[in-house]
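Enquirer: would you be able to build a 3D model of this:
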Amino acid sequence: MNVQVLGISVDHVPCLKAWADSLEGISYPLLSDFWPHGEVAEKYGVLRADGKSERAIFILDKEGVIQYIDIHDIDDQPDNDVLFAELARIDPEAAKKAEAKEPAFADLPQGGVVMYCNQWCPACRRARIWFADNQIEYKEVDVVLNKKAAYQVRKWADGNLVTPTIDVDGTVVVDWKPDRLAELLLD
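Expert: From the prediction side, this is the model:
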């Protein structure tokens, strides 16, 4: 859609690298707003008094004019559908071209254990470790890459995109609940 995603953090470069490595890599550049500390965050009005930045999304048009701002809690995952709708509003022609190129998604896995998750979610990482420790085989579906999966999770989670959401042979566990999974999966 003719966009460039950039991540900006008030952390220094080694911290950003460690964060990206913990996610097993990311697909966009990370910029450090460490020195002078938080200068960019301050200019955008999202630098807190404690020196941390709010979690915020800004969409700028081709002329550099801010067209959209989303500031939300650090633990909330931004709704990609809202962002795509904003991008389409800003550049309808690019949206039409992107929509024409969008691949059809395969049917979602059925049966067994299916974890709907994403790469950056800390609870998803804990779930992966829990499954490995308990030697439980599961299929993983990324809700960021698969719109059909995101839609299904929102149906299960009252309209929210909650990760991980785990389907155990038709019994759905929304959010990371290891005790409930143990009831379902461990003898």
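
Enquirer: what's stretch 88-103 in contact with?
Expert: The contact list for stretch 88-103, computed with Cβ atoms under 8 Å, 6 or more residues apart in numbering, reads Met1, Asn2, Val3, Ile59, Asp61, Lys62, Gln67, Tyr68, Phe84, Leu87. For glycine as for every other residue, the C-beta is placed from the backbone atoms N, C-alpha and C.

Enquirer: go with 10 Å
Expert: 1-3, 59-62, 65, 67-68, 84-85, 87, 147 (Cβ atoms under 10 Å, 6 or more residues apart in numbering).

Enquirer: mark which of these are buried, thanks.
Expert: Listed as buried from the contacts of stretch 88-103 are Ile59, Tyr68, Phe84, Leu87; burial here means 16 or more other Cβ atoms under 10 Å.

Enquirer: save those as JSON lines, and put in distance to Val46, secondary structure and pLDDT too.
Expert: Converted to JSON lines, these look like this (distance: Cβ to Cβ, whole Å; DSSP: H, G, I helix; E, B strand; the rest coil; pLDDT from 0 to 100):
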{"residue": "Ile59", "distance to Val46": "14", "secondary structure": "strand", "pLDDT": "90"}
{"residue": "Tyr68", "distance to Val46": "14", "secondary structure": "strand", "pLDDT": "91"}
{"residue": "Phe84", "distance to Val46": "22", "secondary structure": "helix", "pLDDT": "83"}
{"residue": "Leu87", "distance to Val46": "20", "secondary structure": "helix", "pLDDT": "87"}
